[in-house]
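1. Structural data only, the sequence is not supplied:
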């Protein structure tokens with residue numbers, strides 16, 4: 001034997017469920033969240049159904065439960081989680097092209113002499129000053145400056161996209 005309360009509630013959901021779902025989806029801005037919101041509101045309404053069915057407008061009462069539930073969710077999310085349109089850690093651009101560019105740069109650096117390569121890496125990749133680089137390399141600041149100047153010139157030639165042909169050894173800085 002079924003509870004008459006269940007039948008009344010089932011009839012209520014059949015009559016008003018679609019409109020309540022539409023409202024829930026519009027309020028949340030998402031179909032799945034709207035479905036969750038409506039389900040939560042209907043579960044709360046079912047627990048209080050004897051009181052709700054005596055109301056002048058039971059659908060308005062359930063709609064109010066739904067809105068209050070949604071506002072409660074928003075307050076809780078405001079204190080804990082942040083909904084983002086895009087993920088900050090999502091890669092931008094072509095990852096394969098970026099990898100190829102890094103690999104090309106690494107290969108071009110290997111074409112430089114070890115001291116020139118060291119000076120360029122310390123100055124531009126490790127962001128050290130001329131003085132710090134000179135101290136680490138055990139040479140003068142002017143030597144670091146000369147190495148970096150020659151290294152950057154060689155890298156410009158090696159990485160020139162308009163110049164895809166192999167470079168003769170005389171153009172490489174050694």
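-> Arrived safely. Just so we're clear, the structure is a prediction, and the values are computed from it rather than from any experiment. Numbers count the residues shown, from 1 in each chain.

2. can you pull out the helices in this structure?
-> Remark: helices assigned in the chain by DSSP state H are 4-28, 31-47, 49-53, 58-79, 95-111, 114-120, 130-137, 141-158.

3. residues near residue 125, how many?
-> Counted with other Cβ atoms under 10 Å, the neighbours of residue 125 add up to 10. Yep, even glycine has a C-beta here, placed from its N, CA and C like the rest.

4. wait, I meant residue 68
-> Other residues near residue 68 come to 12 when the count uses other Cβ under 10 Å.

5. Repeat that for the one 4 residues further on.
-> Neighbours of residue 72 under the rule other Cβ under 10 Å: 11.

6. can you pull the contacts of the closest residue in space to residue 65 that isn't next to it in sequence?
-> With Cβ to Cβ, 6 or more residues apart in numbering as the criterion, residue 65 has its nearest non-adjacent residue at 4.6 Å, and that residue is residue 41. For residue 41, the contacting residues are 20, 24, 62, 65-66, 69, by Cβ atoms under 8 Å, 6 or more residues apart in numbering.

7. mind running it again at 10 Å?
-> By Cβ atoms under 10 Å, 6 or more residues apart in numbering, residue 41 lies in contact with 20, 23-24, 62-70.

8. Just the buried ones from those residues, in ChimeraX syntax?
-> Of the contacts of residue 41, the buried ones go into a single ChimeraX selection, burial set by 16 or more other Cβ atoms under 10 Å:
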select :20,23,24,62,63,65,66,69,70
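
9. now, which of the contacts of residue 41 sits nearest residue 30?
-> Distances from residue 30 to those, taken as Cβ to Cβ, are shortest for residue 24 (9.6 Å).

10. Where does pLDDT dip in this protein?
-> 1-2, 78-93, 162-174 (pLDDT under 70).

11. if you set the cut-off to 50 instead, what comes out?
-> Residue ranges of the chain with pLDDT under 50: 170-174.
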